[in-house]
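Engineer: sequence first, predicted model second:
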Amino acid sequence: MNRIKIINILALLVLLINLAAVNVSASANDIIIMRSSQSKSNVSNGEDFELDVYYKNASGQNLENVYVSVDRNSSFYIDYSYPQANELGNLSSGSEGSTKFKLVYKGTGNELTLVFDYVKGGTPDQVSQTLYLSVKKEKEPTSGGSQTDTSEYKPNFRIVGKINSKQEGKNISIEVPIKNISNFSAKDIQITMSADSADSPFTAAAGHLSIPINEIKPDTEKKVKIDLVVKPNTKSGTYPVKLDLRYSNLYGDLFSSSEVIYVDIENNDRSPSLILKAIEMLPKKPAPGDKFSASIELENLGTLNAKDIKVTLKGFSNEGIYSELTGVNYLKTIEGGKTGKLSFNLIVSDKINVRSFPLEIAVDYKDEFGNSYNESFTYYVPIQEENGGKVSLKLIISVRHRELLHRIRILRLDLIL
């Protein structure tokens, strides 16, 4: 019986070796790789390709929340435009399945280590499997007489790790981890931000972003600090920032590439918004023929400044109210959350015959980026009646004569003043 078991085990090992070149790094073979298939063979440095991986749950138990990712020390990485882990879901005992990766070759070695994370029996667990893929061997520099194309020794950069990009306010600083994923050193690296477009919410803090790095060796990571200014009218959201890289290898060959990072912006700024807060008049209630001053107070409900403010009074009439000089006045700025005042000298016509006269207050202004805004308000100027009002006097006359007492009780005189 023991001899049969040994033969079966040996047969299984031979079968696994023939199915694929697979090494098991974990002690438990809960998930095994049955086979794999490359969309391209003999891939070169920096070349992308697709890989289909066929797997099986060999644990004898149900596995939950199964994910598979690529170990960072592998000769390949998952294309950064794709999820960095594939979700396999729940695997029943003995079940088989397949998953697809979009991979990029780093340029050295041919090992691809897949890491399976899962829950077995309520406990998190992990197993790794290593595949050996078909790659093109890179040329190495030689000291012999034959000419070598050193431009093939191209460094390759990627943004790796997590960028803490949740930022608030106008000035932000982010730390970007840049890794040389190739087998070749990069020197004289210059990182710049692509020229601003009208849609970009960012500008460089110093007006122009330029970050020099002396050298990044193979498989080495450098953290780069980037200072940006967020345009005040930027809405909250996630925005791309394109970084351009220029660099050389050890032989002086020049290269360029670009990487895109995404920055989360939380911006509570509000555009300027002017409202009519108050009007003070002197006198408070002018009469026909009077001159009076009107002080108009505007309030900015936004957080951003209102600039180049123009206030125009409209609705003047020779038989109502008209301006002594001009019906236009200006303010340079009203800061966010603050107020500003303008004064007008006006005249009430002696021909006016209403108790209140409407004036339109038109307000035009701009924000810091030249965007135009306009508001309009109507205010009714109270007018004092020309002859004032009636004064009522009550006179009480006491008399002793009984016959007059019945005739005169209360004498009320209404005098028009």
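Structural biologist: Structure received.
Engineer: can you list the domains in this protein?
Structural biologist: Domain assignment for the chain by automatic domain parsing gives 19-132, 152-266, 274-382.
Engineer: averaging pLDDT over each of those, which comes out lowest?
Structural biologist: Sorting the domains of the chain by mean pLDDT places domain 152-266 lowest, at a mean of 80.
Engineer: measure that one end to end?
Structural biologist: 43 Å (Cα to Cα, to the nearest Å).
Engineer: one step back: any chance of the domains of the chain in CSV, with mean neighbour count too?
Structural biologist: From N, CA and C alone the C-beta is placed, and that goes for glycine too. Output for those, formatted as CSV (neighbours: other Cβ atoms under 10 Å):
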stretch, mean neighbour count
domain 19-132, 16
domain 152-266, 16
domain 274-382, 16
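Engineer: quick check: Glu385 is in a helix.
Structural biologist: No: per DSSP: H, G, I helix; E, B strand; the rest coil, Glu385 lies outside any helix segment and is coil.
Engineer: roughly how far apart are the residue nearest to it when sequence neighbours are not counted and Phe292?
Structural biologist: Closest residue to Glu385 apart from its sequence neighbours, by Cβ to Cβ, 6 or more residues apart in numbering: Arg355 at 7.1 Å. Applying Cβ to Cβ, to the nearest Å, the value for Arg355 to Phe292 is 15 Å.
Engineer: OK, contacts around Gly89?
Structural biologist: 65-66 (Cβ atoms under 8 Å, 6 or more residues apart in numbering).
Engineer: recalculate using a threshold of 7 Å.
Structural biologist: Val66 (Cβ atoms under 7 Å, 6 or more residues apart in numbering).
Engineer: specify the beta-bridge partners of it.
Structural biologist: Counting by DSSP bridges, Gly89 is bridged to Val66.
Engineer: Ser128 and Val115 touch, don't they?
Structural biologist: Yes: the pair Ser128 / Val115 is scored as a contact, 5.2 Å apart, by Cβ atoms under 7 Å.
Engineer: residues shared between the contacts of the two?
Structural biologist: Residues touching both Ser128 and Val115 by Cβ under 7 Å, 6+ apart: Asp71.
Engineer: what ranges do the helices span in this structure?
Structural biologist: 2-19, 402-407 (DSSP state H).
Engineer: looking at those, which has the lowest confidence?
Structural biologist: helix 2-19 (a mean of 41).
Engineer: what residues are up against Asn29?
Structural biologist: Ala58.
Engineer: same thing but at 10 Å, please
Structural biologist: 16, 56, 58-59, 127, 129 (Cβ atoms under 10 Å, 6 or more residues apart in numbering).
Engineer: does Pro177 touch Lys223 like I think?
Structural biologist: Yes: counting by Cβ atoms under 10 Å, Pro177 does reach Lys223; the two are 5.2 Å apart.
Engineer: picking up where we left off before, wouldn't the residue nearest to Glu385 be in contact with Ile383 here?
Structural biologist: Yes: with contacts counted by Cβ under 10 Å, Arg355 reaches Ile383, the gap being 5.5 Å.
Engineer: can you pull the contacts of Thr312?
Structural biologist: If you count contacts by Cβ under 10 Å, 6+ apart, then Thr312 has 326-329, 360-364, 376 around it.
Engineer: one more time with 6 Å
Structural biologist: By Cβ atoms under 6 Å, 6 or more residues apart in numbering, the contact set of Thr312 is 328, 362.
Engineer: could we number from 27 for the rest of this?
Structural biologist: Sure, I'll start counting at 27 from here, so that last one is Thr338.
Engineer: how much space between it and Val407?
Structural biologist: On the measure of Cβ to Cβ, Thr338 and Val407 end up 16 Å apart.
Engineer: then Lys392?
Structural biologist: 29 Å.
Engineer: likewise Pro309?
Structural biologist: Taking Cβ to Cβ, one finds Pro309 at 11 Å from Val407.
Engineer: with Pro244 instead?
Structural biologist: 80 Å.
Engineer: also Asp316?
Structural biologist: 11 Å.
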